[in-house]
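K.L.:
one predicted model, sequence on top.
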Amino acid sequence: MQLTINQKERKIWMGAGLKKFTGDLDLKKYSMYLIQDKLMEPAIPDGGICLIDKNDRTFYEGGIYVCRIKTDWSDELVIRRIFIKDSKNLVLRCDNQKFGNDTDYIFPAAEKEYVIIARVAKILQDT
């Protein structure tokens, strides 16, 4: 679920202490994405919020991205780490080891069954 915030809401959030999570980041550059599952735990907790940068789709192996996955049975947005399996395949993998490899998506790198929508720039957590 993507959250969008307008100027008024941004001021309210900042007044409510969001700044302690975001530091000096320019929030106009990012969208917020609410995590609603445990697939990326422990890096991103269920209910966690990610700041995503739609203008940055640069691939970094092991980076966390919002991807659109098109398969025979679904068309969905997922947040996964992306790895190069070999020179011909990419793996989109969740962090939570409780799920094993059952949630992996493996795609030939040249095919367009997946699209990188945005890079996860920051995970908002109370530290």
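P.N.:
Cool, the structure landed.
K.L.:
Phe83 against Gly63, yeah?
P.N.:
No - assessed by Cβ atoms under 8 Å, Phe83 is found out of contact with Gly63, at 9.5 Å. Using the backbone N, CA and C atoms, a C-beta is placed for each residue, glycine as well.
K.L.:
quick check, Lys28 in a helix?
P.N.:
Yes - assessed by DSSP: H, G, I helix; E, B strand; the rest coil, Lys28 belongs to a helix.
K.L.:
ok, now which ones touch it?
P.N.:
For Lys28, the contact set (Cβ atoms under 8 Å, 6 or more residues apart in numbering) is empty.
K.L.:
any low-confidence regions in the chain?
P.N.:
Low-confidence segments of the chain (pLDDT under 70): 1-27, 109-112, 125-127.
K.L.:
just the helices in it please.
P.N.:
Taking DSSP state H as the criterion, the chain contains helices spanning 7-13, 19-22.
K.L.:
list the contacts for Lys70?
P.N.:
Counting by Cβ under 8 Å, 6+ apart, Lys70 touches Glu113, Tyr114.
K.L.:
same deal with Ile117?
P.N.:
Taking Cβ under 8 Å, 6+ apart, we find Ile117 in contact with Ile52, Lys54, Arg57, Tyr65, Val66, Cys67, Arg68, Leu77.
K.L.:
is the first one in a bridge, and if so with what?
P.N.:
Counting by DSSP bridges, Ile52 is bridged to Ser31, Val120.
K.L.:
what of the fourth one?
P.N.:
For Tyr65, the beta-bridge assignment (DSSP bridges) gives partners Arg80, Arg119.
K.L.:
about what we covered before: Throw the contacts of Ile117 into CSV and include distance to Leu34, thanks.
P.N.:
Converted to CSV, the contacts of Ile117 look like this (distance: Cβ to Cβ, whole Å):
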residue, distance to Leu34
Ile52, 11
Lys54, 16
Arg57, 21
Tyr65, 16
Val66, 12
Cys67, 16
Arg68, 17
Leu77, 12
